[in-house]
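# any chance you could fold what I've pasted below:
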Amino acid sequence: MQSSYVGGFLRHKGLNIRQTMSLPSLPAAPQQPDSGGQAPVKSVIAHVPAEFKALDYWQAIDLFNQFGGREFGYLDRKHFHKLVASLTRRTGEPDVSSKFSDTLFAGIDLDGSGQVEEQEFLSWTFGTFSNFAANVRRRLHGLNTLRALLYLEGKQKRESVKADAQGWLDKPALHDVVNHMVPQAKMSREMTDEIFRFVAGPLQARMRITDFLLWLRPDLREEELEMTEKDRETARALRRRSSRMPVEEKESALFEVPPGESVRVHFEVGDQGKGVNCIKYVKTEMKKRWRDQAYATVDVLKNCEGVKRVVVKVGFGIVLWDRVPMMTRMDTEDPFFRPLPAWEFIGQILEQRMPVVERRRRR
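Okay, the predicted model is just below:
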């Protein structure tokens, strides 16, 4: 349902968000002749300008649309430079050079297409894992899950791997499987180690190959990994017809988090007025819709009325609602005055930005 509240949120200016999550280094895409080259991604991510980190969700979307996103659906280098220059100028900083903005652009445009789409821009602005996940999935798109399972099974049998270790990957094994199955991706050991740490967890020495494949193909269920493409399409068609809620197939989502983790939406709500009841309703609906994929936490503020602030705790933190500054700039009423409008406001954003439903849990 299109909420009337969203339209009034596209002209907001200025918030400070502190960094709450560090990013992995992102595997750079193969260099394109006309892309201007790939900057060292880790250093680019580490230097997201403070002016961008200070944006809330609606300001970031508004900037993207204002400088070409609405007209073209993406930003090229020229329009991105204008965006960066405009934003820094508002904060009193000197004009940025095209060389500096091109360096930032390269850190967002991981596929070297010369175009930055909305989700790429938002993921970079807010420091989320979306660009990382999309880049890896795009580069490993040709990996056939059934053949990967059979390859690992045959290799481990030839090497007389113990039964309790069969079907599991360590870092060298992941590097071998990826480069054997998708040699054109040209994944270095450093890149596959980064993927391993993200999917398995930073402290794990091994992971099931099915966990890796399910992360790589979030549109599939575990039993579909061993199917031929024809049988898989039949199973997915039956699943779509029998499901009350369609499973949207996304390459990545802005609120992407590592496997086994959930998206946390944090509310600051006053102990007076209707805010507490609104958030109780929102929490219930979130549980019904996303189960353990997303959850809400609440701070109750004394001697305060209404919902003060809503932040999605991914990346640097994404502010969806900040009552005092936003109410002075918006042309619609507070969406948290009743439970149903509050859920429409939060639910619409989550529906658009959450990873696919039925996400598997890390073993």
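# how about residue 277, nearest residue that isn't a chain neighbour?
In space, not counting the residues next to it along the chain, residue 277 is nearest to residue 339; the distance is 6.2 Å by C-beta to C-beta, 6 or more residues apart in numbering. All C-beta atoms are positioned from the backbone trio N, CA, C, and that covers glycine.
# actually residue 72, not the one I typed
Distances taken as C-beta to C-beta, 6+ apart place residue 79 nearest to residue 72, at 7.9 Å, with adjacent residues excluded.
# residue contacts, the one you found?
By C-beta atoms under 8 Å, 6 or more residues apart in numbering, the contact set of residue 79 is 67-68, 72.
# strands of this structure, start to end?
Assigned by DSSP state E, the strands in the chain fall at 74-75, 116-117, 168-169, 207-208, 263-272, 294-305, 307-312, 318-322.
# residue 254: how many residues sit nearby?
Using other C-beta atoms under 10 Å, residue 254 has 27 other residues around it.
# how near is the closest residue to it other than its chain neighbours to residue 271?
Counting by C-beta to C-beta, 6+ apart, residue 254 lies nearest to residue 353, which is 4.2 Å off, once chain neighbours are set aside. Separation of residue 353 from residue 271 (C-beta to C-beta, to the nearest Å): 30 Å.
# likewise residue 155?
Separation of residue 155 from residue 271 (C-beta to C-beta): 60 Å.
# can you check residue 88 too?
Using C-beta to C-beta, residue 88 is found at 40 Å from residue 271.
# any weak-confidence spans in the stretch 201-350 of the chain?
Across the stretch 201-350 of the chain, the ranges flagged by pLDDT under 70 are 230-232, 235-251, 330-332.
# what about 80?
Residue ranges of the stretch 201-350 of the chain with pLDDT under 80: 227-252, 329-333.
# what segments of it are helices?
209-216, 229-242, 275-290, 323-327, 339-353 (DSSP state H, counting those that start in this stretch).
# nearest to residue 105, out of these?
Nearest to residue 105, of all these, is helix 339-353, at 22.7 Å by C-beta to C-beta.
# what's that closest one packed up against?
Helices and strands touching helix 339-353, as assessed by 3 or more C-beta pairs under 8 Å, 6 or more residues apart in numbering; DSSP states H and E, comprise helix 4-7, strand 263-272, helix 275-290, strand 318-322.
# okay, angle between the third one and strand 263-272 too, please.
I take that to be helix 275-290. Counting by axes from the mean of the first three to the mean of the last three C-alpha atoms, to 10 degrees, helix 275-290 lies at 160 degrees to strand 263-272.
# cool, the last one as well?
In terms of direction (the same axes, to 10 degrees), strand 318-322 departs from strand 263-272 by 20 degrees.
# could you chop this structure up by domain?
Annotated domains of the chain cover 22-126, 142-242, 263-353 [automatic domain parsing].
# any chance of those in CSV, plus distance to residue 257?
Below are the domains of the chain laid out as CSV (distance: least, C-beta to C-beta, whole Å):
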stretch, distance to residue 257
domain 22-126, 12
domain 142-242, 10
domain 263-353, 6
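# quick one: which of those domains is nearest residue 135?
Nearest of the domains of the chain (C-beta to C-beta): domain 22-126, 4.3 Å.
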